[in-house]
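Trainee: Quick one, structure for this:
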Amino acid sequence: MRVLAAMAVVISTVGLQGPSAPPAGTPADSITREELRDHVHFLASDFLGGRRPDDPGYAIAAEYAASQFRAAGVRPAFRDAGGAPTYFQKVPMMKVVTTIDSPLTLSGAGGDKVIEALDDFRLMSRGPSLTDSPLVFIGYGISEPDHGWDDIKGLDLKGKVAVMLLGAPSRNGKPVLPEAVHAAYEGIPGIGRRTPALRQNRPDGLIVIVDGGYVDAWDILPNVLGQPQLVYRPGGGPGRVAVPPAAVAIVKGALAEAIFDGQDYNPLLIPTRGLAGYKTFEFKDKRLSLGIRATAEDFETVNVAGLVPGTDPALANQVVTVGAHLDHLPPAGGQIRNGADDNASGCAGVIEIAEAVASAPLRRPALFCLFTGEESGMAGSKHFLNAPPVPAADIIVNLCLDMIGRSDEKAGTTRTHYVIGSGRIAPELKAIIADVNVKTVRWPLDFESMEGAIGGSDSFIFHGQGIPAAFLFSGRHEDLHAPTDDADKIDYEKVQRLSQLIYAVTVELGVRNTSIRPAAPPEKGPSGPGIKARPSPSLS
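Mentor: Here you go, the predicted structure:
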């Protein structure tokens, strides 16, 4: 792996010659706030620049993690091309750069309006170029016929650009849909909830009109223009730029007003007039053109993983995995996004849990994984299961630590943490986590509220292979994916207690007499190179 020449000097200066002597007591006692804080402060430092997989800062983070495994006595999990043990698994990816080939143009009865400055436009997902495409307003784009609301019914979107409002409908300040359904459509994450219904109607593009809250956060909203998009290359062959079937853009301000100018109904007035007159419609005398061009460059990044062999030869083919994603995001608005909670916190936990297990190995092998490219379609975990260091059939569980250092607004003073997907494949896993928690750290856990976010992290890829998995998640707090997700905001007591909990769960899974993995994977579900990851704004 190519890294900065000065890396060895940098790492040696931050105390990586070896771990400090663990405190007396059980292995769980070696998981200290001080060491967790040190890991988070290093991984979330400005020096690493956000840990995007194609940046030098990510290579430094990977070397850091490997050095911690090495110092703890955790063995390399992989072998390089020459057969030598290594902590690094090369992951083939492609960097796609998207540019505007011809300007955004609104055509109508009054002539063409060319939008030269794209200050009010963000391209979330590239797609084919649009040439004189008709526009259709699809309201909130929500299809929930069982709840009496269907914006898509009766619309013909093929070959057209759908224009949609962000969020979900409210009347007199109260959600029209049941609260849980309403919440699933809120914000940028809610766009992905709509895509199945939209795919069936095959629009060429989707324009999402954002509300005031997102206008305030405009500079950090997703935008593939000017920021390379990182894509996994299954099989490792030369990458080809596939064109998704539809472009997805978010729009605000003057551009949103220009889109609706001259139409009989203006949904931009909903904040003041409510849903009176609400309707979907085909635009009158208005079309949109936009040239989109993409170029690609292949590159390699790495997963990092270490193995603690089991003590019982009869259980050598039953492997417990504990993982987190090591990558984060590029700068936004000129500010580094350090990703302290997302996901330096989870990586710190995995490193410390690995050290604790290495000090007292379990009957079953334990594999500790730090994945690349989670923020890029979960590229690292996909590749890990496409080319695993142990047979995928031998992996009995995955414990995924993706954000364990904060609490969202809903958690309030309780600091409750979300556990997602633990009962999906093997309900016993959920029961084990709850029981171990009661017997050990007694941290407040919520197994139900965030079940809709099951596709939100690497555990989803394990689920797709029929492997029971649990995803620990802080919730969508105000600093998620923002430049303000910094190390000084982390709740280190929480990181410690949750890490100690997952250590105890790992021990229980590693020593019990029976495996929790079902005898055969489910017949349906994502698997292999074509695994689908989280719900995405893309209509591909």
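
Trainee: residues in contact with Ala340?
Mentor: Taking CB atoms under 8 Å, 6 or more residues apart in numbering, we find Ala340 in contact with 40, 43-44, 405, 485-487, 489-490. Bear in mind the C-beta positions are built from the backbone N, C-alpha and C, glycine included.

Trainee: do the same with Lys158
Mentor: Lys158 makes contacts with 201-203, as judged by CB under 8 Å, 6+ apart.

Trainee: Now with 10 Å, please.
Mentor: Listed by CB atoms under 10 Å, 6 or more residues apart in numbering, the contact set of Lys158 reads 201-204.

Trainee: Tell me how the protein divides into domains.
Mentor: 7-92+301-530, 95-296 (automatic domain parsing).

Trainee: pLDDT (mean, whole number) over the first one?
Mentor: Pointing back at domain 7-92+301-530 there. Domain 7-92+301-530 shows a mean pLDDT of 91.

Trainee: what's the most buried one of the domains of the chain?
Mentor: Of all the domains of the chain, domain 7-92+301-530 carries the top mean neighbour count, a mean of 21, counting by mean count of other CB atoms under 10 Å.

Trainee: Would you verify that Val231 is located in a strand?
Mentor: Yes. Counting by DSSP: H, G, I helix; E, B strand; the rest coil, Val231 falls inside a strand.

Trainee: can you put the contacts of Ala340 in TSV and add secondary structure?
Mentor: As requested, these are exported to TSV (three-state DSSP):
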residue	secondary structure
Val40	helix
Leu43	helix
Ala44	coil
Gly405	coil
Asp485	coil
Asp486	coil
Ala487	helix
Lys489	helix
Ile490	coil
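
Trainee: Just put those residues in CSV and tack on distance to Val248.
Mentor: Output for the contacts of Ala340, formatted as CSV (distance: CB to CB, whole Å):
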residue, distance to Val248
Val40, 33
Leu43, 31
Ala44, 30
Gly405, 31
Asp485, 24
Asp486, 30
Ala487, 33
Lys489, 31
Ile490, 33
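
Trainee: now, among the residues you listed, which is nearest to Phe299?
Mentor: Leu43 (21.2 Å; CB to CB).

Trainee: what sits against the closest one?
Mentor: 51, 57, 60-61, 64-65, 326, 328, 338-340, 343-345, 347-348, 351, 370, 487.

Trainee: tell me the contacts of the nearest residue to Gly349 once chain neighbours are set aside?
Mentor: Of all residues not flanking Gly349 in the chain, Ser499 sits nearest, at 3.9 Å (CB to CB, 6 or more residues apart in numbering). Shown in contact with Ser499 (CB under 10 Å, 6+ apart): 28, 31-33, 35-36, 322, 345-346, 348-353, 356, 401, 404, 441, 472.

Trainee: at 7 Å instead, please
Mentor: Counting by CB atoms under 7 Å, 6 or more residues apart in numbering, Ser499 makes contact with 31, 36, 349, 352-353.

Trainee: following the longest strand along the chain, which helix or strand comes up?
Mentor: For the chain, the strand with the greatest residue count under DSSP state E is strand 281-308. Using DSSP states H and E, the helix or strand that follows strand 281-308 in sequence is strand 319-325.

Trainee: Run the chain-centre distance for that next one.
Mentor: 16 Å (CA atoms, centre = their mean, to the nearest Å).
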